[in-house]
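Chemist: I need the structure of the sequence given here:
(chains A and B)
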Amino acid sequence: MSTSHKITQAGLAILLFLAVVGAILFVASRFSGRKADRTTAAVFLLPTVLLLSIGLLYPAGRTLYLSFFNSSGSSFTGFDNYTKIFTDHDDRIVVRNTVLWVVITPFVATGIGLLYAILVDKARWESAAKALIFLPMSISFVGAGVIWKFIYEYRPDQPGIKQIGLLNQIIVWLGGSPQQWLLNSPWNNLFLIAVMVWIQAGFAMTVLSAAIKAIPEDIVEAARLDGVKAWGMFRYVTVPSIRPSLIVVLTTIGIATLKVFDIVRTMTGGQFSTSVIANEFYTQTFRAANQGLGAALAVILFVLVIPIVGYNIRQLRASEGR
Amino acid sequence: MTAPRTRRAAFAISGSLLLAAGLVACGGGSGSKTGSGNPTSNCADYSKYGSLKGKKVTIYTGIVTPEDKPHKDSYKPFEDCTGATINYEGDKSFEAQVLVRAQAGNPPDLAIVPQPGLVKQLVATGKAKPAPPETVANVDKFWSKDWKAYGTVNGTFYAAPLGASLKSLVWYSPKEFKDKGYTVPTTLDELKTLSDKIAATGKKPWCAGIASGDATGWPVTDWMEDFMLRLSGPDEYDKWVNHKIAFNSPEPTAALDAVGQYLKNPKYVNGGLGNVKSIASTTFQDGGLPILEGNCSLHRQASFYAANFPKGTNVAEDGDVFAFYLPGKDTTSKPALGGGEFILAFSSRPEVKAFQTYLSSDTWANNKAAASPAGGWVSANTGLDANKLSSPIDKLAQSVLADPKAVFRFDGSDQMPAAVGSDSFWKQATNWITGQSTKDTVDKIEASWPK
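Modeler: Purely as a prediction, here's the structure:
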C-alpha cells in the first residue's frame, strides 16, 4: 500500500466518522414533544450500546465459550482447562502469584501514599516532595520494568568484574555479596511487586492528600480541643473522614494489579515462577497456541475483577449519595 | 484570547504532521521496486528464462530493512536481463500474515518461508504450487537430500531452499588458543578434555546466557538439539522432533544430561558471569562477550553471533574471536544443526516459475553473496563459490554446510508444536538451569505435548 493510498484511507475514515456523528445529531434533533427527552437519549445511547456489544459483550461471550474447548478450539472439553489451572503445579504457582500481587500491592502502595501524604501535609516543601513521589506515575509500566531490571542487575563477585546494578552495588559497598534478585522464588515476586508499589504510591498519595485537605478545619479543631493526640487524630479523625477516598484508591490499585502484565513480561517474562494470570493468558493464547487454556485464564481474571469493580461502584454511589 | 487559540492551532498542526510522518514511516518499507545494486551479470546466463518483458512477480517475506537490500540487489541481474519486475514486500508479521493471505485466497506469487513447519501449513491450505521441473533439477544438483526433504510435503517437492544458517558453532579466542597451546577439538571427547584442561587452570572455560525476554530458554534448546543429533544420530533426532519417541524417553534424556555436563557443571560455567544460575539471568547477547575480556574461553552459539561483538572486533581465524565447528561424536560423522529459508510458489505463471528457478540456481547464490558485502549470509547451495563470501565466519559456515559428509538437520524446537517449541521447552529448560532435575524437565515437557 502506498503512502498516498494510506492518507486517502485515513481521510475517508475521518469523513465517515464525521458523517456518522452528523447523522446521529440530525436524527436526535428531529424529535420534539413530550417524550422527546427520552427518545433523544435513546438515540445518543444507541451507538454506545452497539459498540459495547461488538467490542465488549461479544468478545466476552466468545472467550467464555472458547474456554470450554481444547487448544485449537475444535473439540469440547468441558471444565478441563479450569481443572488444569487449579491442579497443575506450574499453573497453581501462577494463581498463587496473582493472589500475592493483589493482596500486597494495594495495601502497601496505599499505606505508603497515606503516610507520605500526612507527613508532607502543610510542610514547607510540600509540592516539591509530592512531585517527587508522583513522578513514577508518568512512567509506563514497561519503562518502569526496564529501569528496575537494571537496578536488580547482577554481576558475579569476582576480580575485574564491576556491578552494574544499583542494588547489588550498594550491597557490595556495605560489604555483602551480590544477589540474583529475580531468580529465587518466591522472593523474586516481592521484588517485582516493589515496582508496582513504586508506581502506584504516587497515585494513592495524590488522591489521599486531596482528601485530607478537604477535612473540615472545625472537626480537626474540635478534636484537638478534646485533647486528641497525633495517633488519635489519625485513627479517629483522618481515616474516617477520608474513608471513601481510601476505598476508591485501594480498589483502583487492586484492579490495576490484577491486570498486571507489562512489569512481569518485561522483567522476567514470567520465568522463575513469577508469572501471573494476565501474563500466562497472553503466553498460552498467542505463543503456545493454546486458545482454550488462554481463554479460561482470561475468564478467571474477569471473575476476579468483578467483585472489586462492584464494590468500587457501590462505594462511589454511597459517597455521591451523601 | 489569541494565545490559547494559536497554541491549539499549533498543536493541531503538529499532531497532523506526526500523523503524516507515521503514515510515511509505515508506507516506507513495503512494495517498492527493487533497489540498485551491482552484482556483475552476464545476460547469457539468463537467456534460458526467455523474455519476460512487462511481467510482474510479487515476493512476500519477513526480511525487512536493512537485510532486504542485498535480496533486492540480487534480483537485479534477473530483472535487467529478462525485463521482468520483482515486487518485494517485506513484513515483520510475515509468519502470521502469510497464512491469513493464503487462506483468504490472496497469496503472493512467491513467499520466503523461514521454516519447514510453515511450508507444511501453507501447503495444507491447498493454495501452494509444486516446484516446476527446472527448479527440481537445480535442487537435485546443488543441494543435499536433507535439504530437499525439508521442502517436500507428502512426497511432492514444493519449496527450494534459499539461505541457511549454522548453529553448531563454538566461539573462542584464537589468541588464547595460540598462547596456551590449545587445539581446536575434532571430537566431543576432545572438547571435554579441552574443557577439563582449561578448568584445571582455575578458569571457567564456558560462558552462556539464555535470557531473551519472553523467549528465555531457547539457547538451551539449541544445545540439546546439537547433542541429540550427535549422541543418537539423525534418525532418532527426527523421531524425537516429530514425537515418534516420547520427550522423556532415554535418548533425549541422555542428550539433556550430556548438555548438563557442560551447562550445569560448576567447574565449567559461567566464565565471567557468575555461577550456574547466572546463565538464566544473562541475556544471550551478553553470553559470549566474556571471551573478549579473557574471562571465558568457549561459547556455543550460531553464526549470527558474529554481529554481537562490539564494533572493531576482528572476527577471523587469526583475530580477536572466531568459531570452530562443534565436533561430532567422532571424526567420521559431521552433523550440522541450523536453520534456513525456503521459497514457496502460489502461482505457476511462466514468469513466476522462471524467477523461482533463478532463486534455486548457483547464479543467484553467487549474486546474493556478491550483493552482501557486509556478510551475514550463507547458503547450503553447493554451487556457491566460497571465495565470494566476504566474512571469514560465513566462509566457515559455508564449508560446514556444503561438506558432502555433513548431515543437516533443521532446528528441532521450531518444528515442534507451539505449546512445546515456543513455550514449555523454553520454560522448563530455564527451570532446569535454575535447579530442576533432568527427569522432571523432560517429564514436564512430555506432559505439555498436545494430544
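
Chemist: drop to CA atoms for contacts and neighbour counts, all remaining ones
Modeler: OK.

Chemist: what residues does the strand or helix carrying B:Leu194 touch?
Modeler: Using DSSP states H and E, B:Leu194 falls within helix B:188-200. Outside helix B:188-200, the residues that touch it by CA atoms under 8 Å, 6 or more residues apart in numbering or on different chains are B:182, B:185, B:204-206, B:267-268, B:326-330.

Chemist: do that again at 10 Å, thanks
Modeler: B:180, B:182-185, B:187, B:203-206, B:227, B:230-231, B:261-262, B:267-269, B:296-298, B:326-331 (CA atoms under 10 Å, 6 or more residues apart in numbering or on different chains).

Chemist: quick check: domain ranges of chain A?
Modeler: Domain segmentation of chain A under automatic domain parsing yields A:3-66, A:84-140+A:197-321.

Chemist: could the ones you listed be laid out in a markdown table, adding mean neighbour count and mean pLDDT?
Modeler: Supplementary listing: the domains of chain A in a markdown table, determined by neighbours: other CA atoms under 10 Å in any protein chain shown; pLDDT from 0 to 100:
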| stretch | mean neighbour count | mean pLDDT |
| --- | --- | --- |
| domain A:3-66 | 13 | 88 |
| domain A:84-140+A:197-321 | 18 | 90 |
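
Chemist: Just confirm yes or no for the very next helix or strand once past the helix holding B:Leu194 near chain A.
Modeler: Per DSSP H and E, the first helix or strand lying C-terminal to helix B:188-200 is helix B:218-241. No. Legend: contact between helix B:218-241 and chain A by CA under 10 Å from any CA of the partner chain is lacking; minimum distance shown is 12.5 Å.

Chemist: Next, the buried residues of helix B:218-241.
Modeler: Within helix B:218-241, the residues that count as buried by 16 or more other CA atoms under 10 Å in any protein chain shown are B:218-231, B:233-234, B:236-238, B:240-241.

Chemist: How about the contacts made by the residue positioned nearest the centre of chain A?
Modeler: Residue closest to the mean C-alpha point of chain A, counted by CA atoms, centre = their mean, is A:Ala256 at 1.3 Å. Contact analysis of A:Ala256 by CA under 10 Å, 6+ apart lists A:102, A:105-106, A:196, A:200, A:305.

Chemist: now the strand or helix carrying it, how far from the centre of its chain.
Modeler: Per DSSP H and E, A:Ala256 falls inside helix A:243-258. Centre-to-centre, helix A:243-258 and its host chain are 9 Å apart (CA atoms, centre = their mean, to the nearest Å).

Chemist: And stretch B:385-395, by the same measure?
Modeler: Here the centre of stretch B:385-395 is set off from its chain's centre by 17 Å, with CA atoms, centre = their mean.

Chemist: Endpoints of it, how far apart?
Modeler: End-to-end distance for stretch B:385-395: 10 Å, by CA to CA, to the nearest Å.

Chemist: what does stretch A:257-270 give?
Modeler: 15 Å.

Chemist: In chain B, where is pLDDT below threshold?
Modeler: Along chain B, segments meeting pLDDT under 70 span B:1-41.

Chemist: One more pass at 50, please.
Modeler: Applying pLDDT under 50 to chain B picks out residues B:1-39.

Chemist: Break it into its domains for me.
Modeler: Listed by automatic domain parsing, the domain ranges of chain B are B:41-166+B:338-409, B:169-335+B:416-448.

Chemist: Can you pull the residues of the stretch 201-322 of chain A lying near chain B?
Modeler: Taking CA under 10 Å from any CA as the criterion, the stretch 201-322 of chain A approaches chain B at residues A:264-273, A:279, A:283-290.

Chemist: Kindly recompute the last result at 8 Å.
Modeler: Residues of the stretch 201-322 of chain A lying close to chain B by CA under 8 Å from any CA of the partner chain are A:265-272, A:283-284, A:287-290.

Chemist: All the strands of chain B, in order from the start?
Modeler: Along chain B, counting by DSSP state E, strands occupy B:56-61, B:85-90, B:110-113, B:152-153, B:156-157, B:160-166, B:169-172, B:299-300, B:322-325, B:334-345, B:406-410.

Chemist: Figure out the length between the terminal residues of stretch B:56-69.
Modeler: Terminal-residue distance, stretch B:56-69 (CA to CA): 19 Å.

Chemist: what's it in contact with?
Modeler: For stretch B:56-69, the surrounding residues in contact (CA under 8 Å, 6+ apart) are B:29, B:35, B:84-95, B:108-113, B:351-352, B:355.

Chemist: Buried only: go through those residues for me.
Modeler: B:29, B:84-91, B:94-95, B:108-113, B:351-352, B:355.

Chemist: Send over stretch B:298-310 as CSV, restricted to the C-alpha atoms.
Modeler: Output in CSV follows, covering the C-alpha atoms of stretch B:298-310 (Å, rounded to 0.1, in the frame of the first residue of the first chain):
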residue,chain,number,x,y,z
LEU,B,298,34.3,-21.2,24.9
HIS,B,299,30.7,-20.2,23.9
ARG,B,300,28.3,-22.2,21.9
GLN,B,301,26.1,-20.0,19.6
ALA,B,302,25.0,-19.8,16.0
SER,B,303,26.9,-17.9,13.2
PHE,B,304,24.7,-14.8,13.7
TYR,B,305,26.5,-14.2,17.0
ALA,B,306,29.4,-12.6,15.0
ALA,B,307,27.3,-9.4,14.8
ASN,B,308,27.0,-9.3,18.6
PHE,B,309,30.6,-8.4,19.3
PRO,B,310,31.4,-4.7,19.7
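
Chemist: Going by neighbour count, list what's buried in it.
Modeler: When burial is assessed from 16+ other CA under 10 Å, stretch B:298-310 yields the following buried residues: B:298-303, B:305-306, B:309.

Chemist: Between the strands of chain B, which one is closest to A:Glu320.
Modeler: For the strands of chain B, proximity to A:Glu320 was assessed by CA to CA; strand B:85-90 is nearest, at 55.4 Å.

Chemist: before we move on, the earlier item: will you turn the domains of chain A into JSON lines that also has distance to B:Trp364?
Modeler: Shown next, in JSON lines, are the domains of chain A (distance: least, CA to CA, whole Å):
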{"stretch": "domain A:3-66", "distance to B:Trp364": "32"}
{"stretch": "domain A:84-140+A:197-321", "distance to B:Trp364": "35"}
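
Chemist: looking at the ones you listed, which is closest to B:Lys368?
Modeler: Closest of those to B:Lys368 is domain A:3-66, at 29.5 Å (criterion: CA to CA).

Chemist: How about that closest one and chain B, any contact?
Modeler: Yes. Applying CA under 8 Å from any CA, one finds domain A:3-66 in contact with chain B at A:3, A:6-7.

Chemist: Would you agree B:Ala49 is in contact with B:Cys81?
Modeler: Actually, residue B:49 is Tyr. It isn't Ala. No. B:Tyr49 lies out of contact with B:Cys81 (CA atoms under 8 Å); the separation is 9.2 Å.
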